[in-house]
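J.: turn this into a structure:
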Amino acid sequence: MTTLPMLSIRKLSTIAACCAAAFALVACAAGSGANAPSAASASAASTPSDGPAYGPELQGFEYPQPVHEFTFTSQGQTLHMAYMDVHPQKPNGRTAVLLHGKNFCAATWGETITQLADAGYRVIAPDQVGFCKSSKPAAYQFSFQQLARNTHALLASLGVEHATIIGHSTGGMLGVRYGLMYPRETEQLVLVNPIGLEDWKAKGVPSISVDDWYARELKTSADGIRNYEQSTYYAGHWSERYEPWVQMLAGMYRGPGKQQVAWDSALLYDMIYTQPVVYEFGQLRMPTLLLIGQKDTTAIGKDLAPAEVRAKLGHYPELGRAAAKAIPHATLVEFPDLGHAPQMQDPQAFHKALLDWLAEAPANR
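T.: Here you go, the predicted structure:
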């Protein structure tokens, strides 16, 4: 566990770029073309330089708190997870772990980190493997179980035995899996507009290959991210406060490691699509809070589905209430005018609801 100095970040950028290029050459030599990112396909899909370019591990993008590194071995590889670890001035003896979403990073929790730390919580916010400032392995069996194990290993390395787990979007799916795997260590579970409240495959969203996900990801641009988030996450509204997070993502696709970023993103989309958690809600035993922006319409692969299927997906008012019924010790808080990221749209309302519940709900010990 070390704080990342600037020299290490530059080295990581060079190493990651070289690894991605080497991986592409090996893939071509082996004839695996469609199974791995190639330099040729990445070049053909390059995006215009319309903003900052970041390294494949978000080198150059600053986080709101100091970033540390947890190095560990997984699936025969030495990997690292970047994380923030913020200690309160007046500790209440509790720890909160913040799990980011697919199109988010630990940095997007900045205001929540401050609010929780001010309330006495130690706050740990990691970037999962495959995301943001953490490792982008060329070959990795991504699963929510594996990400949960990685997170548990990080917490163990920091001496954290019990924690409140707070997951947003895809982090909500991971939070559920973590709570199922480590029920005794999970004091409370908070799910903020989690995806995975429905099984898209079972509802008729067609499967596409990792290669097709990869081709889609190589087309990522700031305009595409912004348009998607405005229509899907924010119910047609937009604020300049969201723009740094657009550039955070788009910058990795302008940088030297964009093919590896796109490849890992494709693997992660396949994980999300193929590993539903909705069928296991009834097994959660810890107090659980659902914080649901009602205007959210997020559904993985919705654009791939026929019109009649698309019309049935992403109805968060219905999904949130169904989840609250399925989870044994659940509390549901609805935000009528908010979308997929209530913590970013209306921080004051969100944090009041979160902190009030954390103070009142019993801890699972």
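J.: over to Ile124: give its phi and psi.
T.: As for Ile124, its main-chain torsions (degrees, to the nearest 10) stand at phi -120, psi 120.
J.: now Tyr273
T.: Per degrees, to the nearest 10, the backbone of Tyr273 is at phi -70, psi -40.
J.: count the residues that sit near it.
T.: Residues near Tyr273, counting by other Cβ atoms under 10 Å, number 18. Placement of C-beta: from N, CA and C, glycine included.
J.: wait, it touches Trp200, no?
T.: Yes - counting by Cβ atoms under 8 Å, Trp200 is a contact partner of Tyr273 at 6.4 Å.
J.: overlap of the contact sets of these two?
T.: Residues touching both Tyr273 and Trp200 (Cβ atoms under 8 Å, 6 or more residues apart in numbering): Ile300, Gly301.
J.: after the strand or helix carrying Ala96 comes which helix or strand?
T.: When elements are assigned from DSSP states H and E, Ala96 belongs to strand 95-99. Going down the chain from strand 95-99, the next helix or strand is helix 110-118, by DSSP H and E.
J.: gap between that next one and the chain center?
T.: In this view, helix 110-118 has its centroid 18 Å away from the chain centroid, taken as Cα atoms, centre = their mean, to the nearest Å.
J.: mean confidence score for it?
T.: Helix 110-118 carries an average pLDDT of 98.
J.: so which elements touch it?
T.: Secondary-structure packing of helix 110-118 (3 or more Cβ pairs under 8 Å, 6 or more residues apart in numbering; DSSP states H and E): strand 77-86, strand 95-99, strand 122-126, helix 342-345, helix 347-360.
J.: next, the angle from that helix to strand 122-126.
T.: Counting by axes from the mean of the first three to the mean of the last three Cα atoms, to 10 degrees, helix 110-118 points 150 degrees away from the direction of strand 122-126.
J.: which positions within helix 110-118 qualify as buried?
T.: Neighbour counts over helix 110-118 (16 or more other Cβ atoms under 10 Å) mark Gly110, Thr112, Ile113, Thr114, Gln115, Leu116, Ala117 as buried.
J.: same check on stretch 290-301?
T.: Quick answer for stretch 290-301 (16+ other Cβ under 10 Å): Leu290, Leu291, Ile292, Gly293, Gln294, Lys295, Asp296, Thr298, Ala299, Ile300, Gly301.
J.: quick one: the nearest residue to the first one once chain neighbours are set aside from Ile292, how far?
T.: To tie it back to what came earlier, the one meant is Leu290. Sequence neighbours aside, Leu332 is the residue nearest to Leu290 in space, at 4.7 Å (criterion: Cβ to Cβ, 6 or more residues apart in numbering). Leu332 sits 7 Å away from Ile292, taking Cβ to Cβ, to the nearest Å as the criterion.
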